[in-house]
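Asks: Quick one, what's the 3D model for this:
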Amino acid sequence: EAQFFGFTPQTCMLRIYIAFQDYLFETMLVVEKVILKKLDRFPNCKISPFQIRKCTEKFLLFMKERFDKLFSKMEEVLLQLVLNIPKNVLLPEDKVHEQYPYSKEQFQALQDEIHQLQQQYRAEVSAGQALRAELEEQKAVQAELEKILQWFDGLENICREHGTSNFKESFAFLTQNSKKLQDVLKDVEEKSKKMKKQDQLL
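Replies: Numbering: from 1, shown residues only. Next up, the predicted model:
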């Protein structure tokens, strides 16, 4: 009913009840004013406005009790015959359920499959991010390797300029000299330490 009408039947009935009740209260106030005006024409009348208000309230209570009984019957009729959509009626927006009927078990299976696909998608996204990060690292390594190759090319050109044609031999020579220099440096450091110790003893 809420889907078809755009509101719930109970909400509709409540609004109708409030509207009728407000109209009844307004009518009783108008009646009370008319009675008070009529009494102004009779100065010798012993009925006071307070008594009229009391009678109005009593009559209003009487009318409200009758109205509530009538309204409950009217509400029952409207809810059953007017504001009721039979169970065998298929609304236009629900035709898709008729074309593709699913049981609770089938619907749950679909939900599980969707959940599984979502997990697979997240895993693939994570794997893609890891691959992109690895690719960036590979690019950085490749750039460093290119720098090293350029350095070796420059070194080879220098060796050629100084008369060394074989790069491997010159590189081996440089390596040996480098080791000798390291040994000399260690020897100097050891002698320096010994001298410092002797100075401290003295």
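
Asks: alpha carbons only for contacts and neighbour counts from here, please
Replies: OK.

Asks: which parts of the strand or helix carrying Phe62 are buried?
Replies: Under the criterion of DSSP states H and E, Phe62 resides in helix 49-77. Buried residues in helix 49-77, counted by 16 or more other CA atoms under 10 Å: 56-57, 60, 71, 75.

Asks: Columns pLDDT and distance to Ala140 on top of those, output as a markdown table?
Replies: Output for these, formatted as a markdown table (pLDDT from 0 to 100; distance: CA to CA, whole Å):
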| residue | pLDDT | distance to Ala140 |
| --- | --- | --- |
| Thr56 | 89 | 94 |
| Glu57 | 91 | 92 |
| Leu60 | 90 | 91 |
| Phe71 | 93 | 83 |
| Glu75 | 93 | 79 |
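
Asks: among the residues you listed, which two are most distant?
Replies: Of all pairs drawn from the buried residues of helix 49-77, the greatest distance, 27.0 Å, lies between Thr56 and Glu75 (CA to CA).

Asks: what's the helix holding Phe62 packed up against?
Replies: helix 9-40 (3 or more CA pairs under 8 Å, 6 or more residues apart in numbering; DSSP states H and E).

Asks: In terms of helix, strand or coil, where does Lys44 fall?
Replies: If you look again at residue 44, you'll see it is Asn, not Lys. coil (DSSP: H, G, I helix; E, B strand; the rest coil).

Asks: Look up how far Lys37 lies from it.
Replies: 14 Å (CA to CA, to the nearest Å).

Asks: State the pLDDT value of Met63.
Replies: On pLDDT, Met63 comes in at 91.

Asks: And for Gln10, the neighbour number?
Replies: 13 (other CA atoms under 10 Å).

Asks: Over to Glu156?
Replies: Using other CA under 10 Å: Glu156 sits among 19 other residues.

Asks: Quick check: which element contains it?
Replies: helix 104-161.

Asks: do the same with Leu181
Replies: Using DSSP H and E, Leu181 sits within helix 167-201.

Asks: Over to Pro101?
Replies: Using DSSP H and E, no helix or strand contains Pro101.

Asks: Provide a list of residues in contact with it.
Replies: Listed by CA atoms under 8 Å, 6 or more residues apart in numbering, Pro101 has no contact partners.

Asks: Could I get the pLDDT score of it?
Replies: The score at Pro101 is 74. That number is its pLDDT.

Asks: now Glu146
Replies: 86.

Asks: Could you measure from it over to Thr175?
Replies: 22 Å.
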